[in-house]
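Participant: just need the structure, nothing else, for what follows:
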Amino acid sequence: MKSFRRPPVLFFVMLAAVVSVAVPLRAGEIINRILVHVNSRIITQSQFDARIEQTVREAGPPPNAAKGEEMKKSVMEELVNEALLEDRAKELDLVTSDAEIEDQVKRLKEQNNVTTDEDFGKALAQSGLTIDRLRDQLRRTVTLQRVVGREVNSKVDLSDDALRILYEREKETWRVPEKAHLAEILVSNGDDSARAARRAKEASDLIKGGAKFEAVVKDYSDGATKSRGGDLGLVAKGELTAEIDKAVFSLPVGSVSDPIGTKFGWHLVKVIDKIPVSYKPFADVKAELLKREQDTQFQKKLAEYLDKLKHDAVIRVLPPGQAYYTPPVGVALPTPTPAAKKK
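Facilitator: Alright, predicted model coming up:
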């Protein structure tokens, strides 16, 4: 059976362990030490280790020691952020009911095509979970999502008016370059470049003398477009070689260029029509703008929100956790007790 597919979350991965309480084993020995205090909450060694294990299981082991240290710091940052959001959820009195959790479980079963509780338990086990731990994780994740939805998503402006302002501000991004409908006569250099130059001049003189361009194409062109009367179709400015591009986009509609030499031979280009510079309409780019702003605005607002929570919080990092987390400058630190000062 394939392993269980975890439910999606906003910006943090699912917890692999519930918070453990430090319990004495023998005098001077502790089962689970505390790494960080975040307000009234704690981040323990077992939480940290479990999240590291989960991250490695899902993303693979880090390629080197430096990346391993980065991963540990990233994991600790996630745990601190989650603790801050849990505290905020408590302040806002946001809870997730048992019925909502069971609905989430049912949805996960459907998503993973699991029909029996026994198969579901086996699939969870392959991902290091039990049904009770999954329920705990879902409850925590849904509650944190509610905090973010209420306090962050509500501040993201994705209205048509806001998107239109962005569209106008970045209008050059949606610029459609000038285009021209062209036809060509290509006289290939072949083995005799001098002969090719003479034939190109003959073709040019015929056109200037009133000969139809299509007739001259038939008699003189060596290009792949010969069978189409030399028709090249629509070409955007900048798509052609520099010499041809400069010539054709300076010519009026209906005119034919003098012979233009390139490494391919000699070109005579007729400008059949021109389409001026334009801009993609708002309706055509709205979906792209919306997707981009959903990502960028949300991430920016979320970072600002978490930064504010940190600066309003009391965060104490104990020595075992100091290698992995440093509170931002200005974050309130607990006042040392007299006993702590003596140490």
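
Participant: so which elements touch the helix or strand encompassing Asp119?
Facilitator: In this assignment (DSSP states H and E), Asp119 forms part of helix 117-126. Of the remaining helices and strands, those touching helix 117-126 by 3 or more Cβ pairs under 8 Å, 6 or more residues apart in numbering; DSSP states H and E are helix 131-151. Any C-beta I mention is one placed from the backbone N, CA and C, and that applies to glycine too.

Participant: in the stretch 101-250 of the chain, which spans are helices?
Facilitator: Using DSSP state H, counting those that start in this stretch, the helices of the stretch 101-250 of the chain run over 117-126, 131-151, 160-169, 193-208, 213-220, 242-248.

Participant: which residues does the fourth one contact?
Facilitator: Put plainly, it is helix 193-208. The contact list for helix 193-208 (Cβ atoms under 8 Å, 6 or more residues apart in numbering) reads 185, 187-190, 213, 216, 219-220, 256, 258-259, 261, 265-266, 268.

Participant: same question for the fifth one.
Facilitator: Applying Cβ under 8 Å, 6+ apart, the contact partners of helix 213-220 are 183, 185, 187, 199-200, 202-203, 206-207, 225-226, 229-230, 256, 268, 270.

Participant: repeat that with 7 Å
Facilitator: Applying Cβ atoms under 7 Å, 6 or more residues apart in numbering, the contact partners of helix 213-220 are Ala183, Ile185, Val187, Arg199, Ala203, Leu206, Ile207, Lys226, Gly229, Gly230, Val256, Lys270.

Participant: check those residues for burial and list the buried ones.
Facilitator: Ala183, Ile185, Val187, Arg199, Ala203, Leu206, Ile207, Lys226, Gly230, Val256, Lys270 (16 or more other Cβ atoms under 10 Å).

Participant: export those as JSON lines, with columns for distance to Asp307.
Facilitator: Formatted as JSON lines, the buried ones among the contacts of helix 213-220 follow (distance: Cβ to Cβ, whole Å):
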{"residue": "Ala183", "distance to Asp307": "61"}
{"residue": "Ile185", "distance to Asp307": "65"}
{"residue": "Val187", "distance to Asp307": "67"}
{"residue": "Arg199", "distance to Asp307": "72"}
{"residue": "Ala203", "distance to Asp307": "70"}
{"residue": "Leu206", "distance to Asp307": "74"}
{"residue": "Ile207", "distance to Asp307": "69"}
{"residue": "Lys226", "distance to Asp307": "66"}
{"residue": "Gly230", "distance to Asp307": "63"}
{"residue": "Val256", "distance to Asp307": "64"}
{"residue": "Lys270", "distance to Asp307": "62"}
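
Participant: tell me the one among those nearest to Pro276.
Facilitator: Lys270 (18.7 Å; Cβ to Cβ).

Participant: give the bridge partners for the closest one, please.
Facilitator: Using DSSP bridges, the beta-bridge partners of Lys270 come out as Ala183, Val256.

Participant: isn't it right up against Val256?
Facilitator: Yes: if you go by Cβ atoms under 7 Å, Lys270 and Val256 touch, sitting 4.6 Å apart.

Participant: would you map the strands across the stretch 1-150 of the chain?
Facilitator: 24-26, 29-30, 34-38, 41-44 (DSSP state E, counting those that start in this stretch).

Participant: between those, which gets the lowest average pLDDT?
Facilitator: Of all the strands of the stretch 1-150 of the chain, mean pLDDT reaches its minimum on strand 24-26 (a mean of 33).

Participant: Leu85: neighbour count?
Facilitator: 24 (other Cβ atoms under 10 Å).

Participant: ok, and the closest non-adjacent residue to Phe249?
Facilitator: Once flanking residues are discounted, Phe249 sits nearest to Lys237: 5.4 Å by Cβ to Cβ, 6 or more residues apart in numbering.

Participant: quick check: that neighbour vs Asp258, distance?
Facilitator: 20 Å (Cβ to Cβ, to the nearest Å).

Participant: can you check Arg51 too?
Facilitator: On the measure of Cβ to Cβ, Arg51 and Asp258 end up 71 Å apart.

Participant: who has more neighbours out of these two?
Facilitator: Between Arg51 and Asp258, counted using other Cβ under 10 Å, Arg51 has the larger neighbour count: 25 against 13.

Participant: my read: that one touches Leu79, true?
Facilitator: Yes: using Cβ under 7 Å, Arg51 is in contact with Leu79, at 6.4 Å.

Participant: what's the mean pLDDT across stretch 329-343?
Facilitator: 53.

Participant: now do stretch 169-189
Facilitator: Here the average pLDDT along stretch 169-189 is 93.

Participant: buried residues, that stretch. List them.
Facilitator: In stretch 169-189, counting by 16+ other Cβ under 10 Å, buried: Trp174, Lys179, Ala180, His181, Leu182, Ala183, Glu184, Ile185, Leu186, Val187, Asn189.

Participant: now do the spatially closest residue to the second one that is not a sequence neighbour against Glu178, distance only.
Facilitator: The shortest distance from Lys179 to any residue that is not its chain neighbour, by Cβ to Cβ, 6+ apart, is 4.3 Å, and that residue is Ile275. If you measure Ile275 against Glu178 using Cβ to Cβ, the figure is 7 Å.
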